[in-house]
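Participant: Structural data only, the sequence is not supplied:
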């Protein structure tokens with residue numbers, strides 16, 4: 001499994017990382033965002049959306065469970081399963097149809113629906129540190145490895 005670890009000094013650095021990664025993302029990806037409350041998951045998602053060219057408001061999907069963003073022909077679905085108490089709630093909500101080859105799915109709190117989600121192409125684990133926060137990035141599929149390789153190449157330029 002391919003793995004990177006970075007220290008992000010502040011919110012701006014988290015947004016920047018999301019924007020950089022947006023350059024290597026493509027439809028069909030499933031991305032897990034893990035970490036405690038306030039660790040930077042939604043900020044990172046905001047950075048990805050900005051990097052993809054989305055200019056509207058980006059909010060946490062904690063209360064709605066899902067936020068939909070349409071950017072040109074791309075659909076990005078941002079899920080937050082923090083409030084789920086039973087994995088069956090995912091099936092009952094009909095979310096399976098959103099995970100397809102035409103969309104990117106960002107999933108916060110994927111452990112709340114363990115075993116029901118498709119395999120993550122990329123996983124980002126955020127945790128607070130002093131100063132800022134750390135993020136561990138890992139690829140779980142061939143598509144994820146290609147994304148991280150491309151991102152690493154862009155960083156070196």
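Facilitator: Okay, I see it. Just so it is clear, the model here is predicted, and its values are computed rather than measured.

Participant: contact partners of stretch 9-27?
Facilitator: Residues outside stretch 9-27 that contact it (CB atoms under 8 Å, 6 or more residues apart in numbering) are 6, 8, 31, 40, 43-52, 74, 101-104, 126, 131-133, 135, 143, 147-148, 150-151, 154-155. (Glycine included, C-beta is placed from N, CA and C.)

Participant: how about a cut-off of 6 Å?
Facilitator: Residues outside stretch 9-27 that contact it (CB atoms under 6 Å, 6 or more residues apart in numbering) are 8, 40, 43-44, 47-48, 50-52, 102, 104, 132, 147, 150-151.

Participant: Off-centre distance for the helix or strand where residue 150 lies?
Facilitator: With secondary structure defined by DSSP states H and E, residue 150 is part of helix 142-156. Put simply, helix 142-156 sits 15 Å off its chain's centre (CA atoms, centre = their mean, to the nearest Å).

Participant: State the mean pLDDT of that helix.
Facilitator: Averaged over helix 142-156, pLDDT sits at 90.

Participant: Can you mark which positions in that helix are buried?
Facilitator: 144, 145, 147, 148, 151 (16 or more other CB atoms under 10 Å).

Participant: List the residues that contact the second one.
Facilitator: Shown here is residue 145, whose contacts under the criterion CB under 6 Å, 6+ apart are 2, 139.

Participant: Among the contacts of stretch 9-27, which lie within helices?
Facilitator: 43, 44, 47, 48, 50, 51, 147, 150, 151 (DSSP state H).

Participant: Kindly reformat the residues you listed as a markdown table containing distance to residue 108.
Facilitator: Shown next, in a markdown table, are the ones in helices among the contacts of stretch 9-27 (distance: CB to CB, whole Å):
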| residue | distance to residue 108 |
| --- | --- |
| 43 | 11 |
| 44 | 10 |
| 47 | 14 |
| 48 | 12 |
| 50 | 18 |
| 51 | 18 |
| 147 | 19 |
| 150 | 24 |
| 151 | 21 |
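
Participant: Which one of these is nearest to residue 35?
Facilitator: Proximity of the ones in helices among the contacts of stretch 9-27 to residue 35 was ranked by CB to CB; the top entry is residue 44 with 9.2 Å.
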